[in-house]
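[1] No sequence on hand, only this structure:
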Ligand code: GTR
């Protein structure tokens, strides 16, 4: 059966002019579908949060199956207690996934634990784009299993160290944080053919080449993968399981938000330049829009999301409500000035509108609707910064994230 895609348009116009942003009403995060107003954290948790969770599941990312029946066996295949000149203990752990249907799949985790840290270390969990071996020049890092598949599909960029500028391992380790990374294609290759590879063939719903309107797409599967990494880290003796942070860039920033919304073990949820389908408000239709994203990446979202292609006004929710699902944990949104495709202003506004939910908990959103200036990070119970430059992850971004994590973890410790 072929999957029919309604409504996408790869040639839909793209607006970069603030004066042409349509007039729209931002859905009130505290107003329930039946009109009831949420006034307490308890009401939020009992009624509005589940309602929003359902909307994002059924109409944007697809429903995460409650029981996949997939088992995971971890296998430590390499370790070095003196990696990075003694700064860290390195572990490379193979995740062996076994489906109920008997099919198997492997993914490889790279973990650095800071040797200088007394006691358990907090950990930043973050997928990489081109394989573990591209995040560092260390020879001992084994190429991710997806390398061959992706190279045969024409991807050239799998060279050792090629993405190292995006991975401030030393900085994080010196600040006492462990870092865990995996290649996202190891969980589900980023391809409309996704039913053929990765975890998907282990799932009953992907045994046929068809997808129901609400069935999850790649972002949902990647988010599920983040939770499987959390399962492993919870068992790791030198990791502080109350100190898990999920960080993602771009499409993986969309993924970290969806993972953080669903999995409360992630205490800080960071989206770097996540844009459309991530932190940016869809109803602004600024930069990338739903028509473009669903046409170019038909496999990322569930099929029912296509109904909002060139029809953002009809959306009964918006992305600020996704951020709100993380409360009272912490969310961080970061933008880059030249990344207009991701709508930096829409990313900030989303974080601003989400703040109301933190207030229910007596916590702090941002004091002003005005977008902060370049290189003026705002760290409250939510965090935001915009830096100069292009769509990327830089050492400056990592510095801001580490400062924010230090702050919110120590605030939370004081509060309990
Ligand atoms: C772009 C896409 C964005 C963003 C980006 C990335 O092509 O339009 O939504 O996800 O890719 O992930 O690098």
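    Alright, I've got the coordinates. Since this is a predicted model, take the numbers as computed values, not measurements.

[2] show me what contacts residue 128?
    Residues near residue 128 by C-beta atoms under 8 Å, 6 or more residues apart in numbering: 134, 135, 144, 163, 166, 167, 181, 182, 183, 184. Any C-beta I mention is one placed from the backbone N, CA and C, and that applies to glycine too.

[3] any chance of these in CSV, plus pLDDT?
    Formatted as CSV, those follow (pLDDT from 0 to 100):
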residue, pLDDT
134, 96
135, 98
144, 95
163, 96
166, 98
167, 98
181, 99
182, 98
183, 97
184, 97
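
[4] for those residues, which one is nearest residue 58?
    residue 184 (23.7 Å; C-beta to C-beta).

[5] need the strands for the chain, in chain order.
    Ranges of strands in the chain, per DSSP state E, are 71-82, 88-98, 104-114, 121-128, 177-183, 239-249, 266-272, 330-336, 378-379, 382-387.

[6] Can you point out the buried residues in the helix or strand of the chain with the lowest mean pLDDT?
    Each helix and strand of the chain was given a mean pLDDT (mean pLDDT, DSSP states H and E); the minimum falls on helix 146-152 at a mean of 79. For helix 146-152, a neighbour-count test (16 or more other C-beta atoms under 10 Å) marks 146, 147, 149, 150 as buried.

[7] Contacts for that helix, please.
    130, 131, 133, 158, 183, 185, 186, 189, 197.

[8] which of these are buried?
    Buried members of the contacts of helix 146-152, counted by 16+ other C-beta under 10 Å: 130, 131, 133, 158, 183, 185, 186, 189, 197.

[9] Check the gap between the fourth one and residue 185 for me.
    Okay, so that is residue 158. According to C-beta to C-beta, to the nearest Å, residue 158 and residue 185 sit 10 Å apart.

[10] what about the residue nearest to residue 143 when sequence neighbours are not counted, distance to residue 140?
    Distance criterion C-beta to C-beta, 6 or more residues apart in numbering; nearest residue to residue 143, sequence neighbours excluded, is residue 133 at 4.5 Å. Distance of residue 133 to residue 140, computed by C-beta to C-beta: 10 Å.

[11] and what of residue 313?
    Counting by C-beta to C-beta - residue 313 and residue 140 are separated by 53 Å.

[12] Help me confirm that residue 175 comes into contact with residue 406.
    Yes. Using C-beta atoms under 8 Å, residue 175 is in contact with residue 406, at 7.4 Å.

[13] pLDDT score for residue 5?
    With respect to pLDDT, residue 5 scores 47.

[14] related to what we said a few turns ago, from the buried ones among the contacts of helix 146-152, which ones fall inside helices?
    185, 186 (DSSP state H).

[15] for the buried ones among the contacts of helix 146-152, which one is nearest the ligand?
    residue 130 (11.8 Å; C-beta to the nearest ligand atom).

[16] So for the lengthiest helix in the chain, what gets flagged as buried?
    Ranked by number of residues, the top helix in the chain under DSSP H is helix 395-415. For helix 395-415, burial by neighbour count (16+ other C-beta under 10 Å) applies to 396, 397, 398, 399, 400, 401, 402, 404, 405, 408, 409, 412.

[17] Show me the two of these that sit farthest apart.
    396 and 412, at 24.8 Å, using C-beta to C-beta across those.

[18] what about whatever residue of the stretch 251-400 of the chain ends up closest to the ligand, how many neighbours?
    Of all residues in the stretch 251-400 of the chain, the one sitting closest to the ligand is residue 251 (3.3 Å; C-beta to the nearest ligand atom). The number of residues packed around residue 251, counting by other C-beta atoms under 10 Å, is 23.

[19] what do you get for residue 73?
    Count around residue 73 with other C-beta under 10 Å applied: 11.

[20] Contacts only, for it.
    Contacts for residue 73 (C-beta under 8 Å, 6+ apart) come out as 95, 96, 98.
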